[in-house]
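# the amino acid sequence is not available; the structure is as follows:
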């Protein structure tokens, strides 16, 4: 069966799902495809190009098409929804946030940024502020997911952690965490609430000269 780039990327995503980002190597990918490693270079010149292709593909899953907000939709609500979709795209695959962070040439990520910035600019947000708002929202989203996907400390390191001493030294931090989650709030709520702080602040200053 003839090999093509789409088949390579599909198999690379399966490798990412199975072994995480560190397990995505050209050697393993070639083995899964039943070809010699040099064969892959006809389609992707190096590993960086492979990671960028994977990043574009997983973003495409959540953003098959993109559109600006409708005439009656506020840009801040629309941008919130965009960030939530980006988070879902990253969480759908192990190390999704790490992958996007290393894929600086992702055309799909650039298209998301282009749409978001141009949308804010069309709503009379000055271009400089529009770019800063979108950049902040994107960086927060990727960083938040990166922390989510890092997971809890390993058992061997957690067993030496003195929770009682930590609580005594940082009582407000511990109380704040306990208070937030005591009513059944979830990590989804935490992301949305933190994002709301960012976007509401941005909305109140968007029309001010910067």
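Cool, got the structure. From a predicted model like this one, the values you see are computed outputs, not experimental measurements.

# can you give me the helices for the protein?
Taking DSSP state H as the test, the helices found in the chain are 5-19, 26-33, 37-40, 47-62, 75-91, 96-102, 107-122, 127-150, 155-158, 163-169, 171-181, 187-205.

# rounded mean pLDDT for the fifth one, please.
When you say that, I think you mean helix 75-91. The average pLDDT within helix 75-91 is 97.

# for the residue nearest to the spatial centre of the chain, give its distance to residue 197.
Per Cα atoms, centre = their mean, the C-alpha nearest to the average position across the chain is that of residue 142, at 3.8 Å. Distance of residue 142 to residue 197, given as Cβ to Cβ, to the nearest Å: 17 Å. Placement of C-beta: from N, CA and C, glycine included.

# now residue 84
Distance from residue 84 to residue 197, by Cβ to Cβ: 15 Å.

# between these two, who's got more neighbours?
residue 84 (16 against 10; other Cβ atoms under 10 Å).

# doesn't residue 192 make contact with the more buried one?
Yes. Under the criterion of Cβ atoms under 8 Å, residue 84 makes contact with residue 192 at 7.2 Å.

# contacting residues around residue 140?
83, 194-195, 198 (Cβ atoms under 8 Å, 6 or more residues apart in numbering).
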